[in-house]
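[1] let me see the structure of the following:
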Amino acid sequence: MGCLFAFLSTTIKHLVILGSVQTSTDPYYYKYKVSEIRFPAPQHGSDITFYNVEMKNENTLTGIYCSPTKSGPTIKQVIFGDLHDATTLHEDPPGVHHSTINYCFMYINYQARQMNPSQARQMNPYQSVTVSSLLSNHVNSGCTSLIIASLAFQRRIVMEGKYKCFAPPAVAHWSYTNADQPLKMEDILSHSEMVLAMETSSGTRVLVWYQGHLHIFMRKSYLMKVKWYPVTKIGSESENGQLIHDFVSEKFYHSILKEMKKRDITNFNAIINAVSGDFSRSDLWASIGVLEKYKDKDVDLVVGEKRNVRLVGQLC
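    Next comes the predicted model:
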């Protein structure tokens, strides 16, 4: 038995599936580029059921594929086997023209070469182009926070410095850009890109579409200053499936399984019976516990949390 969560962005037409795994051999996070804003439907007789999850989010559709007889990887192969895996595909942010991004990229490279002529590299410490200089000289550089974040995510520039948490880990490169000042959350993400939000004892966590992928960020407050930190790994999206699955489970598995019980008592009981036995590796085992823990939680209140969260504050 098994289940897969599915998230479909209606703006960028990216479909992400994820599930719970007990081994590290299958990342269980996959992204596909789709041409239509709809989830693939299971074929009749496949023993796979699709459940649509009402989230009151006009920019993201959410659903879950479940089967009492098939594992998560098998469901993935049956439903998504014909789609092209785009997990490592890098795309420009929506609404930003590619030429604009290239202009900023070329400006950064030009400045790096001006600051570090080849004949002087052996004699002097390397000097980095700074984020503060790019943003303060936006008219000439053409760089915005969103473009800088996009270039870093695509690994066209390599970030270093105190405020580089929005970028993938640095790799060896001839040119580095110094994140000497923090980017603002509101400059790289809009409220419409937020999928879920949850208040925890350690801070507010949100699931958002960041650079075409699902990522979790945490908000904390320090001395009246709001800061955001990525919880998932930027640049290693295929490793984030379990973490996002656990976050989503606390929100929606209880309501989804209730809907399963209402619509298909046979399948529901089969799944319950299977995971109640000696099935420590079941995709649903942990989620049944979540069902019991959160079965009386008000789902409307969950949606309300999202409405009350503002993506405002500095990154890192």
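
[2] so where's the stretch 1-150 of the chain uncertain?
    Per-residue confidence for the stretch 1-150 of the chain (pLDDT under 70) gives these ranges: 1, 20-27, 54-56, 116-126.

[3] need the helices for it, in chain order.
    Under the criterion DSSP state H, counting those that start in this stretch, the stretch 1-150 of the chain contains helices at 72-80, 98-115, 131-136, 138-141, 145-153.

[4] and among those helices, the most buried is which?
    helix 145-153 (a mean of 23; mean count of other CB atoms under 10 Å). Backbone N, C-alpha and C define where each C-beta goes, glycine included.

[5] what angle sits between that one and helix 98-115?
    Relative orientation of helix 145-153 versus helix 98-115 (axes from the mean of the first three to the mean of the last three CA atoms, to 10 degrees): 70 degrees.

[6] packing partners for helix 145-153?
    helix 98-115, helix 131-136, helix 185-188 (3 or more CB pairs under 8 Å, 6 or more residues apart in numbering; DSSP states H and E).

[7] swap the cut-off to 10 Å and go again
    Here helix 145-153 touches helix 98-115, helix 131-136, helix 138-141, strand 158-160, strand 176-178, helix 185-188, going by 3 or more CB pairs under 10 Å, 6 or more residues apart in numbering; DSSP states H and E.

[8] what's the closest of the ones you listed to Cys66?
    Among the helices and strands packed on helix 145-153, the nearest to Cys66 by CB to CB is helix 185-188 (34.5 Å).

[9] show me what the closest one is packed against.
    So helix 185-188, by 3+ CB pairs under 10 Å, 6+ apart, packs with helix 145-153, strand 203-210, strand 225-230, strand 314-315.

[10] and the shortest one, average pLDDT?
    This predicted structure assigns strand 314-315 an average pLDDT of 95.

[11] what residues sit buried inside the strand ranked longest in the chain?
    Longest strand in the chain, counting residues (DSSP state E): strand 213-222. Buried residues in strand 213-222, defined by neighbour count with 16 or more other CB atoms under 10 Å: 213-217, 219.

[12] of those, just say which sits nearest to Pro68.
    Here the nearest of these to Pro68, counting by CB to CB, is Leu214; it sits at 26.7 Å.

[13] show me what that closest one is bridged to.
    Per DSSP bridges, the residues bridged to Leu214 are Trp209.
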